[in-house]
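Asks: Provided below for reference: sequence and predicted model.
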Protein chains: 2
Amino acid sequence: MDRKPNSQTTAIWVLLNIAHKRVTQTFEAELKRAHLPSAAWYDILWTLERAEEGMRQNELERQSLYDQPNLSRTIKRMVDDGLVTQCPAADDRRGRELRITDEGKALRAEMWKVYGGLMLSEIEDKVPAEHLSGLIEGLASMVPDQDEKLQGKLKNAREKNHKPS
Amino acid sequence: MDRKPNSQTTAIWVLLNIAHKRVTQTFEAELKRAHLPSAAWYDILWTLERAEEGMRQNELERQSLYDQPNLSRTIKRMVDDGLVTQCPAADDRRGRELRITDEGKALRAEMWKVYGGLMLSEIEDKVPAEHLSGLIEGLASMVPDQDEKLQGKLKNAREKNHKPS
DNA sequence: AAATATTAGATACATGTGCATGTATCTAAT
DNA sequence: ATTAGATACATGCACATGTATCTAATATTT
């Protein structure tokens, strides 16, 4: 090998894995303790709730971290649980229109009490203000720019970076 | 809920997930393309290679992201593949002394060509210098301080933060 | 219009993971 | 010497995940 990763690169790689695992496990453990579904379900419910008008399954796929077969299975479970409805799409008979049910909305709201609290305790309260910008921009630099879901949130966060509240 | 996570917190949470998934998937895909085992195996092999004198399984467990049952199974597969030996520990008959074999060392070296290259292309070449420190410290702030494996690497990386090479 | 390619979504299979539990051994107190 | 509890490691099970493939519908090409 001609080049060798330096110690900062190594630290980032190690920390990315450790931090992700720790934070994720904390989220999952607390949600489970409260008899609630996983964080990934929260994201799906929230995405569908914001959409409001029915969302195609492939569109949801692009906005989530699930790959297609996994999303298909997950949606099936959510339909079985009455959280989501899955109707044939009007204009493309291959497609499915997904819609969150009232029950789904209620569950999401219930989850938010835990989920939102964890974002505060595991992230907001732990990351010191002076590293917020570097952390956000550093993470973003490892992700390709095309990610739509991301861009909105990033734009928002970047604005805060310049006028710290 | 009395407090609500702000947009920076949200960005960190979203980005932590997206960045981790993207980078991890790239690593795994490239390793697979080269017909090599996963990154997690690399970490185990490298940890054992550095130890040199045989390492107890529970010690390895603390230094890895595997939980105990999963490590037990992974080691079994590595033993079956001839990469690691697993002898009864001398002083504690419950225990197992793990040692990397020459074959294991050879595989690790082979893996490094891909693994090290990915650290360069996916991290070192992508994260701009001005965000290195914030990224490292920000990630570290989400991890409890007791992590041993981490502390050495962190110390090293932090030194670089002050005298940028 | 017929043939072909592409896309949406579902499913099968192999593998990985977390969690609970089992077995053996160790430590320390009685 | 015996017993209570902790620790090391293994295993079974349920479930999640990735990969490959399948079916049906739509788009494209000729």
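Replies: Alright, I've got the coordinates.
Asks: now the strands for chain A?
Replies: Secondary structure of chain A (DSSP state E): strands at A:55-56, A:84-88, A:96-100.
Asks: same list, the ones you listed, but as CSV with mean neighbour count please.
Replies: In this view, the C-beta of every residue, glycine as well, is placed from N, C-alpha and C. Shown next, in CSV, are the strands of chain A (neighbours: other Cβ atoms under 10 Å in any protein chain shown):
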stretch, mean neighbour count
strand A:55-56, 18
strand A:84-88, 15
strand A:96-100, 20
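Asks: B:Glu59: which of those is closest?
Replies: strand A:84-88 (45.8 Å; Cβ to Cβ).
Asks: hmm, the closest one in reach of DNA strand D?
Replies: No: for strand A:84-88, no contact with DNA strand D is found by Cβ under 7 Å from any atom of the strand; the gap never falls below 9.0 Å.
Asks: residue ranges with poor pLDDT in chain A?
Replies: A:1, A:146-157, A:159-165 (pLDDT under 70).
Asks: residue contacts, the nearest residue to A:Gly138 once chain neighbours are set aside?
Replies: With sequence-adjacent residues excluded and distances taken as Cβ to Cβ, 6 or more residues apart in numbering or on different chains, A:Gly138 is closest to B:Leu135, at 2.9 Å. B:Leu135 makes contacts with A:12, A:134-135, A:137-139, B:127, as judged by Cβ atoms under 8 Å, 6 or more residues apart in numbering or on different chains.
Asks: related to what we said a few turns ago, can you convert the strands of chain A into TSV and add a column each for distance to chain B?
Replies: Below are these laid out as TSV (distance: least, Cβ to the nearest Cβ, whole Å):
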stretch	distance to chain B
strand A:55-56	18
strand A:84-88	21
strand A:96-100	20
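Asks: all helices of chain A, in order?
Replies: Assigned by DSSP state H, chain A shows helices spanning A:7-33, A:39-51, A:57-63, A:68-80, A:102-119, A:129-141, A:148-162.
Asks: the fourth one packs against which elements?
Replies: Contact partners of helix A:68-80 among helices and strands, from 3 or more Cβ pairs under 8 Å, 6 or more residues apart in numbering or on different chains; DSSP states H and E: helix A:39-51, helix A:57-63, strand A:84-88.
Asks: would you mark the buried spots in it?
Replies: A:71, A:74-75, A:78-79 (16 or more other Cβ atoms under 10 Å in any protein chain shown).
Asks: turn those residues into a markdown table, columns for distance to DNA strand C.
Replies: As requested, these are exported to a markdown table (distance: Cβ to the nearest atom of the strand, whole Å):
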| residue | distance to DNA strand C |
| --- | --- |
| A:Leu71 | 7 |
| A:Thr74 | 9 |
| A:Ile75 | 6 |
| A:Met78 | 11 |
| A:Val79 | 8 |
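Asks: so which of the strands of chain A gets nearest B:Gly54?
Replies: Closest among those, using Cβ to Cβ: strand A:84-88, at 52.6 Å.
Asks: what angle sits between the closest one and strand A:96-100?
Replies: 160 degrees (axes from the mean of the first three to the mean of the last three Cα atoms, to 10 degrees).
Asks: pull up the pairing partners for strand A:84-88, direction included.
Replies: Sheet pairing for strand A:84-88, assigned by DSSP bridges, gives strand A:96-100 (antiparallel).
Asks: quick check, the strand it pairs with touching DNA strand C?
Replies: Yes: on the criterion Cβ under 7 Å from any atom of the strand, strand A:96-100 is in touch with DNA strand C at A:Arg96.
Asks: so that strand versus helix A:68-80, what angle?
Replies: Going by the same axes, to 10 degrees, strand A:96-100 makes 50 degrees with helix A:68-80.
Asks: who's in contact with strand A:96-100?
Replies: Contacts for strand A:96-100 (Cβ under 8 Å, 6+ apart): A:45, A:48-49, A:54-57, A:60, A:75, A:83-90, A:108.
Asks: quick one: contacts of stretch A:12-31?
Replies: A:5, A:37-39, A:42, A:111, A:114-115, A:118, A:122-123, A:138, B:13, B:16-17, B:19-20, B:23-24, B:65, B:119, B:123, B:127, B:132, B:135-136, B:139-140, B:142-144, B:147, B:149-150, B:153-154, B:157.
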